[in-house]
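*Asks:* turn this into a structure:
(one chain, ligands or ions: 1)
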Amino acid sequence: MNSEECHCNKHEGGHGAAPCGEPDRRGFFKKASAVVLGALSVLAPIGAGLAMVIDPLRRKGDGDASRFLRVTTLRSLPDDGVPRKFPVIANRVDAWSKFPATAIGAVYLRREKGKITAYNVLCPHAGCFVDYMAGDNDFLCPCHDSRFALDGKISSANSPSPRGLDSLVVEVRNESEVWVKFQNFRAGVADKVPA
Ligand code: FES
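*Replies:* From the prediction side, this is the model:
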């Protein structure tokens, strides 16, 4: 007998026969299960693919995060108070790609009586690179003539920069390595706001 056939107790009065509607229900559940399983088999790979696409976006890239980076050694930074410019090199990582070591910025380091100070080379006015002027022993931004003293403060009343040079945190590690917590800050504003 076909399992889908119905033997109705009401009409036949028999015992043990499947009640009316039972095969229909079984058929319905079978079909519903097939539909659900089919949908899952399609949706699961889509979900996995979507997770792969979205996951890198949720991960924090390494390229722009403020973090300590090894910049130089004490040997390359004489204790004479003269600022020296160093590139800041990092392995840049964005949402999907890893880039080889690249210069992500630059800093001025100055060592005097054992103390090291660091400044981001970007002018806080509009982001040009400031130059160290050995003759005047200060910093000058060539774009709009902002001037900064060795301690980073604005040194000229005509400087359009809204704040002094952006100081950075420095650490000496492993006795001779100079590490800087490298960060860029928003240009054109008086407060030092991380970019
Ligand atoms: S960008 Fe430096 S003074 Fe304008």
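*Asks:* so Arg92 touches Phe99, yeah?
*Replies:* Yes - contact criterion CB atoms under 8 Å: Arg92 and Phe99 qualify, at 4.2 Å. For the C-beta atoms, the positions are set from N, CA and C on the backbone; glycine is no exception.
*Asks:* from the contact counts, what lies against the longest strand along the chain?
*Replies:* Counting by DSSP state E, the longest strand found in the chain is strand 98-112. On a contact count with 3 or more CB pairs under 8 Å, 6 or more residues apart in numbering; DSSP states H and E, strand 98-112 meets strand 67-73, strand 84-93, strand 115-120, strand 177-182.
*Asks:* how many other residues sit next to Leu165?
*Replies:* Applying other CB atoms under 10 Å, we find 26 residues neighbouring Leu165.
*Asks:* near the ligand, which residues of this structure? Just list them.
*Replies:* Cys123, His125, Ala126, Cys128, Cys141, Cys143, His144, Ser146, Pro160, Ser161 (CB under 6 Å from any ligand atom).
*Asks:* mind listing the helices for this protein?
*Replies:* Per DSSP state H, the chain carries helices over the ranges 9-12, 22-58.
*Asks:* next, count neighbours for Gly105.
*Replies:* Gly105, neighbours per other CB under 10 Å, totals 19.
*Asks:* swap in the one 10 residues further on?
*Replies:* Number of residues near Lys115 (other CB under 10 Å) recorded here: 10.
*Asks:* that one pairs with what?
*Replies:* Glu112 (DSSP bridges).
*Asks:* one step back: ok, of the helices of the chain, where does mean pLDDT dip lowest?
*Replies:* Among the helices of the chain, helix 9-12 carries the lowest mean pLDDT, at a mean of 45.
*Asks:* would you confirm that Asp80 contacts Arg110?
*Replies:* No - Asp80 is beyond contact range of Arg110, at 9.1 Å (criterion: CB under 8 Å).
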